[in-house]
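Colleague: Give me a 3D structure for the following:
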Amino acid sequence: MKKLLYILITSAVAFSCTKSGLEIESGNVLGEVEVTAFAGQMTVSVETVGRWIVNEADNASWITFDVQGGVGKGAFTVSYEANMSSVVNMKSSRKARIVVTSEDYAKSDTLNIIQQGFYSDITPSVVTPSAEIVLEYVEAPAKTVSIVYCSADGVQDIDALSQWADQFDVVACGNGFIKPAVQSDGAYALCSFDDLHFVSTDLSPYLEEGKGHETFKGIVDETYNAYNSPSKWVIGGQLYHYSMMQSSYPATPSWYPTDVEDPDFDADRYAWNNNLYDCLWMSERNFVQTWTDQADGKSYMADYVYVSRDVLASIYSVERLDKVLGMEHNPIKITLKY
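Modeller: From the prediction side, this is the model:
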């Protein structure tokens, strides 16, 4: 007798519906669900004939179930722990295989849960349609947002720069934004996208006055530190200050400061002390060059993107883009998935 297995997955957050009819041979993957790096739960409803058993195929310690099985139509709750990254412990994405098996072990089918991490290195599984087994799931909608921080220094064709910016969701440029169009007469510009808040600045005029650290501290205090909620902040631009984290790599040039207590690191230190994370360094873990000073020929990491902890957990990728249109700085692109 053929057994029909119906699986319904619901998330505790707002969701949209997706239904798939999948025909899988015994033990194959019925589907994959991607969840964020935050801890959470999902409910799996099972409808079949006879007794069924649920387990995690690889004994992943971050997945637990409230029950071990049931009879006929039933349900179980999957709880998953957080996969949050920190400066000293960068987490990769991870996968758990939830297997629902008939009592006689004659049939088993798998549902994968992929949890995001700062590094996304899991290859999607192959899912094959079927008329025998139906997988129905309600999945939390995933929104992907691409953000680019760039500089117009060296760009002659501003219209071409605007056209280039159209491919991204948010584009910060100097102390303003190209997309959406936001300008500022002060040290920085501020814009919002959904519940994300972005700050863009170019500190070069203030560095010439010897006020680089003071100005950066003021920007952080007036934006990120001035709000208790929301906490999703991205602060970046042409900051030009030295990075503590790049002081001791083999590729770090000899002229770079080596003492992390050096005042040259004060601006970078202030960001880290306020739980703002340098996501480009966290991605590359090396001496990163984004700009070359034509006056002395030295290459610096002049362009930074700092993110708050809640944003860090949503980062899908970080890229240093190639210079285009005569740019003097490498743009930095971060992609968020949440």
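Colleague: Give me the below-cutoff pLDDT ranges for the stretch 101-250 of the chain.
Modeller: 104-106, 128-141, 228-230 (pLDDT under 70).
Colleague: Which parts of it are strands?
Modeller: Using DSSP state E, counting those that start in this stretch, the strands found in the stretch 101-250 of the chain span residues 108-115, 134-139, 144-150, 170-173, 176-179, 188-193, 196-202, 233-238.
Colleague: Take those and write them to CSV, including mean neighbour count and distance to residue 220.
Modeller: The C-beta positions use only the backbone N, C-alpha and C, and glycine is treated the same way. Listed next are the strands of the stretch 101-250 of the chain as CSV, based on neighbours: other Cβ atoms under 10 Å; distance: least, Cβ to Cβ, whole Å:
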stretch, mean neighbour count, distance to residue 220
strand 108-115, 20, 30
strand 134-139, 19, 36
strand 144-150, 22, 16
strand 170-173, 27, 16
strand 176-179, 21, 18
strand 188-193, 18, 10
strand 196-202, 24, 8
strand 233-238, 26, 7
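Colleague: Let me have these in a markdown table, adding distance to residue 324 as columns.
Modeller: Below are those laid out as a markdown table (distance: least, Cβ to Cβ, whole Å):
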| stretch | distance to residue 324 |
| --- | --- |
| strand 108-115 | 33 |
| strand 134-139 | 36 |
| strand 144-150 | 9 |
| strand 170-173 | 13 |
| strand 176-179 | 13 |
| strand 188-193 | 22 |
| strand 196-202 | 19 |
| strand 233-238 | 17 |
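Colleague: Among those, which comes closest to residue 298?
Modeller: The closest of these to residue 298 is strand 233-238. By Cβ to Cβ, the value is 15.6 Å.
Colleague: what's downstream of the closest one, the next helix or strand?
Modeller: As assigned by DSSP states H and E, the chain's next helix or strand after strand 233-238 is helix 266-273.
Colleague: And that next one, what's buried?
Modeller: For helix 266-273, the neighbour count (16 or more other Cβ atoms under 10 Å) marks 266, 267, 268, 269, 270, 271, 272 as buried.
Colleague: and what of stretch 243-253?
Modeller: For stretch 243-253, by 16+ other Cβ under 10 Å, it's 243, 244, 245, 246, 247.
Colleague: quick one: buried residues of the helix ranked longest in the chain?
Modeller: Across the chain, the longest stretch assigned as helix under DSSP state H is helix 212-222. Using 16+ other Cβ under 10 Å as the test for burial, helix 212-222 gives 212, 213, 215, 216, 217, 219, 220.
Colleague: re earlier: now compare the buried residues of helix 266-273 and name the two farthest from each other.
Modeller: 266 and 272 (11.0 Å).
Colleague: intersection of neighbour lists for these two?
Modeller: Shared contacts of residue 266 and residue 272, defined by Cβ atoms under 8 Å, 6 or more residues apart in numbering, are absent.
Colleague: Kindly state which of the strands of the stretch 101-250 of the chain is positioned closest to residue 63.
Modeller: Ranking those by their distance to residue 63 (criterion: Cβ to Cβ) puts strand 108-115 first, at 7.1 Å.
Colleague: Can you list the strands that the closest one pairs with?
Modeller: Strand 108-115 pairs in its sheet with strand 29-35 (parallel), strand 94-102 (antiparallel), by DSSP bridges.
Colleague: Make CSV out of these and add mean neighbour count.
Modeller: What follows is the strands paired with strand 108-115, written out as CSV (neighbours: other Cβ atoms under 10 Å):
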stretch, mean neighbour count
strand 29-35, 20
strand 94-102, 19
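Colleague: Quick one, which of those gets closest to residue 231.
Modeller: strand 29-35 (20.0 Å).
Colleague: and of the strands paired with strand 108-115, who's closest to residue 82?
Modeller: Per Cβ to Cβ, nearest to residue 82 of the strands paired with strand 108-115: strand 29-35, 10.5 Å.
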